[in-house]
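Student: need a structure here:
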Amino acid sequence: MNSISRFDPLRHDEIDLVALGKSIWRQKRLVALVGLLFASLAGLYAFTATKEYEVESVLRPVAMNEFDAINRSDIYKLSPQSSLMRVAASLDSYETRLSFYRNNPELFEPFRRDGRTDEQVFDGFNRNSLKLDLPDAKAITANTYIGLKLTYPAGVDGVRLLNGLVAYAIETERLQVAADTDVIISNRTKELDGKLVIARETYENDKQIRIAKLLEGDDLRRAKLQDELKGLRLQLRSQRNARIAQLDEAISIAQGLGITKPTTPSALGQGEASTQGNVIRTEVNNQQIPLYFMGADALKAERQALRQRSSDDFSAQRVAEIAKELHLLKVNREVEMLQARENEDFFLKDVEGYRAELIRLRNLGLNLDQLKLVSIDRLALEPLAPVKPRNVLIVLLGLIVGVVVGVAAALMRHLVLSHQNPA
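Tutor: Okay, here's the model as predicted:
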């Protein structure tokens with residue numbers, strides 16, 4: 001019976017477990033000592049490790065009326081949501097953070113370590129210390145917010161650093177909006193000035209074309225009138241010469257017939273006697289009386305007058321009309337008026353809208369110095385306690401680890417003693 005009981009596996013295990021428990025209990029001082037040792041080491045680490053703090057700033061959209069002036073100007077469009085996302089993008093921008101770092105080196109002095117360059121210091125700060133909580137760009141509402149958290153070691157003015165970074169990003173975006181607005185106004189002003197210049201050049205070109213056409217028309221009319229006058233004078237001279245030739249022929253006939261005074265065919269047929277006295281005869285017929293019946297004396301007098309004539313202009317009414325027209329063509333009053341215009345901008349076409357827009361742009365009076373892009377819902381405040389290390393948790397974990405290690409040591413000691421002193 002004793003042999004059977006000695007080799008019963010179940011009985012043997014129960015005895016080992018009980019013995020094991022009693023052995024650990026007997027070594028409770030060892031377990032406690034190891035646990036206290038680990039707890040002390042954990043506490044030493046917790047209270048000597050560099051403390052890290054965390055601050056947070058929260059930004060929300062501003063009211064729509066903040067952008068009323070700039071939106072009504074039709075120059076730049078802003079909404080509370082788009083403005084919030086602009087600031088969020090600026091806070092998330094590597095360039096903005098780097099610029100703030102370079103402008104405020106004293107705030108980052110505690111981050112510096114021996115052998116680390118400025119770029120390495122900033123890169124470590126940018127990757128490990130800042131965390132930006134961004135909303136979904138497709139679901140932005142009036143209650144949307146963005147949060148920026150900064151984790152920093154003791155010795156860093158984290159409140160000033162975070163608030164400064166937020167203010168810097170907001171100011172950067174405000175300056176960017178102001179710069180964009182100035183550029184847009186400048187570009188539109190230049191565009192409108194350019195359109196006015198084009199309108200002036202077009203007007204000046206049209207005016208010169210009109211003057212040229214008027215002067216050309218006058219020159220053409222003057223040339224035609226002068227040609228007509230020359231032709232008319234030539235015609236009159238030819239008519240005068242033809243008349244002189246007729247008079248020469250008539251004088252010859254009159255002298256041949258002995259007609260010295262004006263007479264008629266009937267009187268000529270009655271002889272010389274019939275022409276004596278104070279008798280006036282009137283003869284009516286439908287035939288033209290030959291010229292020589294005027295008598296040689298009258299014909300000679302007319303011929304002499306024609307030969308002594310220096311100009312035939314008076315003999316044609318058209319010559320006087322041409323002279324009048326030529327005199328009027330000496331000066332074109334329409335050309336004079338066009339050339340005498342002092343302020344030609346009054347005569348530009350379709351530029352009223354350009355001028356009105358220029359006046360509006362130059363008198364906008366936008367004051368973007370006080371433009372509020374976002375509302376700072378929560379400024380970073382001095383933290384009441386560090387977030388790292390968590391002293392109580394570290395000590396508790398050290399104690400637990402120490403107890404576990406102590407128990408393990410007690411078990412190892414029990415096993416060693418059991419093998420050295422087998423029952």
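Student: only C-alpha atoms from now on, for both contacts and neighbour counts.
Tutor: Will do.
Student: I'd like the mean pLDDT over stretch 163-179, please.
Tutor: Confidence over stretch 163-179, taken as the mean pLDDT, stands at 93.
Student: chain center to it: distance?
Tutor: 22 Å (CA atoms, centre = their mean, to the nearest Å).
Student: what's downstream of the helix ranked longest in the chain, the next helix or strand?
Tutor: Under DSSP state H, the helix in the chain containing the largest number of residues is helix 158-257. Proceeding C-terminally, helix 158-257 gives way to helix 265-269 as the next helix or strand, assigned by DSSP states H and E.
Student: tabulate the CA atom coordinates of that following helix in PDB.
Tutor: Once non-C-alpha atoms are left out, helix 265-269 reads as follows in PDB (Å, rounded to 0.1, in the frame of the first residue of the first chain):
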ATOM      1  CA  PRO A 265     -33.100 143.700-143.300                       C
ATOM      2  CA  SER A 266     -36.300 145.600-144.400                       C
ATOM      3  CA  ALA A 267     -34.700 148.900-143.700                       C
ATOM      4  CA  LEU A 268     -31.600 147.900-145.700                       C
ATOM      5  CA  GLY A 269     -33.900 147.000-148.700                       C
END
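Student: now do it, average pLDDT.
Tutor: pLDDT averaged over helix 265-269 equals 74, rounded to a whole number.
Student: please apply the same query to stretch 41-48.
Tutor: Mean per-residue pLDDT for stretch 41-48: 68.
Student: burial count for residue 374?
Tutor: 23 (other CA atoms under 10 Å).
Student: can you tell me how far it is from residue 293?
Tutor: Distance from residue 374 to residue 293, counting by CA to CA, to the nearest Å: 121 Å.
Student: tell me what the longest helix of the chain is packed against?
Tutor: In terms of contacts (3 or more CA pairs under 8 Å, 6 or more residues apart in numbering; DSSP states H and E), helix 158-257 is packed against strand 52-61, helix 80-92, helix 94-103, strand 146-153, helix 296-308, helix 317-328, helix 333-339, helix 352-362.
Student: distance between it and the chain's centre?
Tutor: So, by CA atoms, centre = their mean, the centroid of helix 158-257 is 33 Å from its chain's centroid.
Student: where does this protein have low pLDDT?
Tutor: The model of the chain has pLDDT under 70 over residues 1-17, 19-20, 45-50, 114, 136-142, 269-287, 389-391, 414, 419-423.
Student: buried sites along the helix or strand harbouring residue 407?
Tutor: Per DSSP H and E: residue 407 is located in helix 391-420. Applying a neighbour-count criterion of 16 or more other CA atoms under 10 Å, one finds 391, 394-395, 397-403, 405-407, 409-411, 414 buried in helix 391-420.
Student: cool, and stretch 34-45?
Tutor: Burial within stretch 34-45, assessed by neighbour count using 16+ other CA under 10 Å, is assigned to 34, 35, 36, 37, 38, 39, 40, 41, 42, 43.
Student: next step: these restricted to helices.
Tutor: Assigned to helices by DSSP H, the following of the buried residues of stretch 34-45 qualify: 34, 35, 36, 37, 38, 39, 40, 41, 42, 43.
Student: the fifth one against residue 398, yeah?
Tutor: Yes. With contact defined as CA atoms under 8 Å, residue 38 reaches residue 398; the gap is 5.1 Å.
Student: now for the two: what residues contact both?
Tutor: Common contacts of residue 38 and residue 398 (CA atoms under 8 Å, 6 or more residues apart in numbering): none found.
Student: near residue 187, how many other residues are there?
Tutor: By the other CA under 10 Å criterion, the neighbourhood of residue 187 contains 12 residues.
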